[in-house]
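K.L.:
have a look at this fold, sequence not included:
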């Protein structure tokens with residue numbers, strides 16, 4: 001396990017933390033974790049673990065259920081559900 005986060009992980013974590021706080025949430029970090037998971041924090045009293053992942057265009061298209069091949073030199077619009085946490089709860 002790594003003893004510190006990558007530059008990219010730090011950037012993403014800062015962005016997410018700042019947006020969560022701007023939305024009025026209480027975010028308390030557990031700085032013991034730096035890898036597997038990349039970020040552990042309490043969000044309004046509930047513990048959350050987050051793993052940062054970089055994905056390529058083809059993997060993104062696969063996740064968004066696109067059947068055709070995507071070309072890296074074009075712009076595409078991909079939509080993800082706004083409430084995946086509710087989907088996750090329903091799957092239990």
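P.N.:
Looks like it came in fine. It should be emphasised that the depicted structure is a prediction, and the values quoted were computed from it without experimental measurement.
K.L.:
now do the longest helix along the chain: distance to the chain's middle.
P.N.:
Assignment by DSSP state H gives helix 7-22 as the longest helix of the chain. Per C-alpha atoms, centre = their mean, to the nearest Å, the displacement of helix 7-22 from the mean C-alpha position of its chain is 10 Å.
K.L.:
in the next helix or strand after that helix, which residues are buried?
P.N.:
Next helix or strand after helix 7-22 toward the C-terminus (DSSP states H and E): strand 27-30. By 16 or more other C-beta atoms under 10 Å, strand 27-30 has no buried positions at all. Just so you know, the C-beta spots here come from the backbone N, C-alpha and C atoms, and that holds for glycine as well.
K.L.:
what does the pLDDT read for residue 83?
P.N.:
We have a pLDDT of 61 for residue 83.
K.L.:
meant to ask about residue 8, not that
P.N.:
pLDDT recorded at residue 8 is 87.
K.L.:
now do the contacts for it.
P.N.:
Shown in contact with residue 8 (C-beta atoms under 8 Å, 6 or more residues apart in numbering): 52, 54.
K.L.:
report the helix or strand with the lowest average pLDDT across this protein.
P.N.:
helix 84-90 (a mean of 55; mean pLDDT, DSSP states H and E).
K.L.:
any figure for the gap between the residue lying farthest from the centre of the chain and residue 23?
P.N.:
Computed with C-alpha atoms, centre = their mean, the maximum C-alpha offset from the centroid of the chain is found at residue 68, amounting to 25.2 Å. Going from residue 68 to residue 23 by C-beta to C-beta, to the nearest Å gives 36 Å.
K.L.:
next: residue 66.
P.N.:
From residue 66 over to residue 23 (counting by C-beta to C-beta), the distance is 30 Å.
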